[in-house]
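Trainee: The following block contains a protein sequence and its predicted model.
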Amino acid sequence: MNLLPSMSGTFLTEGFTLVRNVVPDNVCERLTDNLRTDSAGSRELLSQPWCATLAAELHRHPALAPLIPATHVAVQCTGFDKSPTQNWLVPIHQDLSIPVAERVADTSLQGWSEKEGQFYVQPPRHVLEDLIAVRLHLDDCGTNEGPLRIVPRSHQQGRMCEAAMYEMRSAHGEIICLAQRGDALLMRPLLLHASSKSTGEHPRRVLHFVYGPRALPLGLRWARAA
């Protein structure tokens, strides 16, 4: 496996890029306090005013704005708090579900579910290809903190079955996404990614934002947009 250097990869072709020093240390410290208060692990942080404000600030950030279309809006934010006492691994996968306001009867929509009182659905490929995730690191993330591992360019293959995911990872390898506090990793949700359990003593707290076009096709509406 390779390590991810600063600004590695071309976002359009590789499906990811790391932007250094997006948020200063003092802001990261304040955000970790908010994360503790509003429950790490929640998918619904965007309902909190502090989170909606941060989503807009990230969208306007001079290093991020060229990569996130001006017509996009923040549609979700999930907080992750991985530590020795709150630990998990995530097998290789793609992010296929989006939060929507209500159920819609269309055969192209799959995998309806309800989490935290919110509807989620797996839309067609062209909808997922429009989305951009921004993972803001509130702590340093080294090899011991269960960092994200990604398969470059895998987002170009569309939705993949489990066997195809493992085959592609075997053929193309992984990149370990190490990051420093305040860095932001931008990625396409269709990019294959996974993470291991933390083996270190320090937390790995991340705010995972998703940005998408304001209007959705097929009669769908975002559950929330900021």
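Mentor: In hand now; what should we look at?
Trainee: is it true that Glu114 lies in a strand?
Mentor: Yes. The assignment for Glu114 (DSSP: H, G, I helix; E, B strand; the rest coil) places it in a strand.
Trainee: Count the neighbours of the nearest residue to Phe11 once chain neighbours are set aside for me.
Mentor: Nearest residue to Phe11, sequence neighbours excluded (C-beta to C-beta, 6 or more residues apart in numbering): Thr17, at 4.4 Å. No exception for glycine: its C-beta is placed from N, CA and C like everyone else's. If you count neighbours by other C-beta atoms under 10 Å, Thr17 ends up with 20.
Trainee: Tell me the helix or strand right after the one helix or strand Thr17 maps to.
Mentor: Assigned by DSSP states H and E, Thr17 belongs to strand 16-19. Counting by DSSP H and E, the element after strand 16-19 in chain order, helix or strand, is helix 25-37.
Trainee: Render the CA-only coordinates of that next one in PDB, please.
Mentor: C-alpha atoms of helix 25-37 as PDB (Å, rounded to 0.1, in the frame of the first residue of the first chain):
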ATOM      1  CA  ASP A  25      -6.200  24.200  15.200                       C
ATOM      2  CA  ASN A  26      -8.300  26.400  17.400                       C
ATOM      3  CA  VAL A  27     -11.400  25.900  15.200                       C
ATOM      4  CA  CYS A  28     -10.700  22.100  15.200                       C
ATOM      5  CA  GLU A  29     -10.700  22.200  19.000                       C
ATOM      6  CA  ARG A  30     -14.100  24.000  19.000                       C
ATOM      7  CA  LEU A  31     -15.500  21.500  16.500                       C
ATOM      8  CA  THR A  32     -14.500  18.500  18.600                       C
ATOM      9  CA  ASP A  33     -16.500  20.000  21.500                       C
ATOM     10  CA  ASN A  34     -19.500  20.300  19.200                       C
ATOM     11  CA  LEU A  35     -19.000  16.800  18.100                       C
ATOM     12  CA  ARG A  36     -19.100  15.500  21.600                       C
ATOM     13  CA  THR A  37     -22.200  17.500  22.400                       C
END
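Trainee: And that helix, what does it pack against?
Mentor: helix 49-60, strand 204-213 (3 or more C-beta pairs under 8 Å, 6 or more residues apart in numbering; DSSP states H and E).
Trainee: Can you find the helix or strand of this structure with the lowest average pLDDT?
Mentor: Ranking every helix and strand in the chain by mean pLDDT, DSSP states H and E puts strand 2-3 at the bottom, with a mean of 48.
Trainee: got the buried residues for whichever helix or strand comes after that strand?
Mentor: The helix or strand immediately downstream of strand 2-3 is helix 11-14, counting by DSSP H and E. Residues Phe11, Glu14 are the ones in helix 11-14 that count as buried (16 or more other C-beta atoms under 10 Å).
Trainee: contact partners of helix 11-14?
Mentor: Helix 11-14 is contacted by residues Ser8, Thr17, Leu67, Pro152, Arg153, Leu186 when judged by C-beta atoms under 8 Å, 6 or more residues apart in numbering.
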